[in-house]
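In: Provided below are the primary sequence and the corresponding predicted coordinates.
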Amino acid sequence: MGRKIPLRQCVGCREMKTKREMIRVIKTPEDAICLDRSGKKNGRGAYLCFSPDCLRKAIRSKALERSLKITIPDEIYESLEEEMETLDHER
């Protein structure tokens, strides 16, 4: 039998994908919000596709705030969008 591949749901488009196909957004124990490229940092996490569109959907529906159980200020969303754009260009 093959190994089980863990699937995660994107909070933006709600699609199930493998962890490798997604980026993790975390709330650290200090309540900071950041992208976790390694997927191993401590904190409460939510997954997004590598698409800036999924991030925008998650912002509009407040799905990221619900998943991380915190109110996220606009400037954090803006920095996440910028980070996501640079990731998109790296791929």
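Out: Arrived safely, thanks for sending. Residues are numbered from 1 along each chain as shown.
In: where's the nearest residue to residue 37 once chain neighbours are set aside, which helix or strand?
Out: Spatially, and ignoring its direct neighbours in sequence, residue 37 is nearest to residue 23 (7.0 Å; CB to CB, 6 or more residues apart in numbering). Where C-beta positions appear, they are placed from N, C-alpha and C, glycine not excepted. For residue 23, the host element (DSSP states H and E) is strand 22-27.
In: just the helices in the chain please.
Out: If DSSP state H is used as the criterion, the helices of the chain fall at 52-60, 63-68, 74-90.
In: just checking, what packs against the first one?
Out: Counting contacts by 3 or more CB pairs under 8 Å, 6 or more residues apart in numbering; DSSP states H and E, helix 52-60 is packed against strand 44-49, helix 74-90.
In: angle of that helix against helix 74-90?
Out: Interaxial angle, helix 52-60 versus helix 74-90 (axes from the mean of the first three to the mean of the last three CA atoms, to 10 degrees): 170 degrees.
In: buried sites along helix 52-60?
Out: If you call a residue buried by 16 or more other CB atoms under 10 Å, then helix 52-60 has these buried ones: 52, 54-55, 57-59.
In: How about residues contacting the lowest-mean-pLDDT helix or strand in the chain?
Out: Across the helices and strands of the chain, mean confidence by mean pLDDT, DSSP states H and E is lowest for helix 74-90: a mean of 83. For helix 74-90, contacts defined as CB atoms under 8 Å, 6 or more residues apart in numbering pick out 23, 25, 33, 35, 37, 48, 50-52, 55-56, 59.
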